[in-house]
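1. Just the structure for this:
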Amino acid sequence: MRNRSLVNTVKQRITRQLLRNNQTDSEVILWQYLRGKELGLKFVKQYGIQNYIADFCCRSKKLIIEIDGSIHDQKEAKENDEERTKYLESLGYKIIRFTNSEVLNDLETVLNKIKIHLK
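-> Numbering: from 1, shown residues only. Have a look, this model is predicted:
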């Protein structure tokens, strides 16, 4: 019998790769600012934490940035997001969320909010 945690790790690695290769426009735009250490710290994208995958994570500050599409407006998705947030916060992470629209239409405000959380 296979080690269950290894199977999950392989599955999660494949999922992270798929997410990295199929980013939304808003994720691509924000990543341009996060990847170059333009904000002064290193970020990683599609970062696995236990059973969850964070869109972007600054590991040194334990800051997770999530970019949410309209699917996150649905009741079930909201409940899942709340459960996920509580769990990640119990590990010491701070989660900030932005909508696709915020990133696409008001990037300056998004970046300023991220800077505030990095202080």
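2. Could you list the low-confidence segments of the protein?
-> 1-8, 10-22, 70-74, 77 (pLDDT under 70).
3. now the strands for it?
-> Using DSSP state E, the strands assigned to the chain run over residues 44-49, 52-58, 63-68, 94-99.
4. These into TSV, with extra columns for distance to residue 30?
-> The C-beta positions use only the backbone N, C-alpha and C, and glycine is treated the same way. Converted to TSV, the strands of the chain look like this (distance: least, CB to CB, whole Å):
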stretch	distance to residue 30
strand 44-49	9
strand 52-58	7
strand 63-68	6
strand 94-99	8
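5. Dump the ones you listed to TSV, plus mean neighbour count and distance to residue 119.
-> Below are these laid out as TSV (neighbours: other CB atoms under 10 Å; distance: least, CB to CB, whole Å):
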stretch	mean neighbour count	distance to residue 119
strand 44-49	17	20
strand 52-58	21	12
strand 63-68	22	11
strand 94-99	17	12
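6. any idea how far residue 64 is from the most centrally placed residue in the chain?
-> Nearest residue to the geometric centre of the chain (CA atoms, centre = their mean): residue 55, 2.3 Å. Noted for residue 55: a distance of 8 Å to residue 64, by CB to CB, to the nearest Å.
7. same thing with residue 103?
-> Between residue 103 and residue 64 the computed distance is 15 Å (CB to CB).
8. Which of the strands of the chain sits closest to residue 25?
-> strand 63-68 (9.9 Å; CB to CB).
9. which residues touch residue 55?
-> Each residue near residue 55 by CB atoms under 8 Å, 6 or more residues apart in numbering is listed here: 27, 45-46, 64-67.
10. Residue 94: which of the residues you listed is nearest?
-> Of all the contacts of residue 55, residue 94 sits closest to residue 64, with 7.0 Å by CB to CB.
11. The closest one and residue 75: what is the separation?
-> Residue 64 is 22 Å from residue 75, by CB to CB.
12. do the same with residue 43
-> In terms of CB to CB, residue 43 sits 30 Å off from residue 75.
13. Cheers, nothing more for now.
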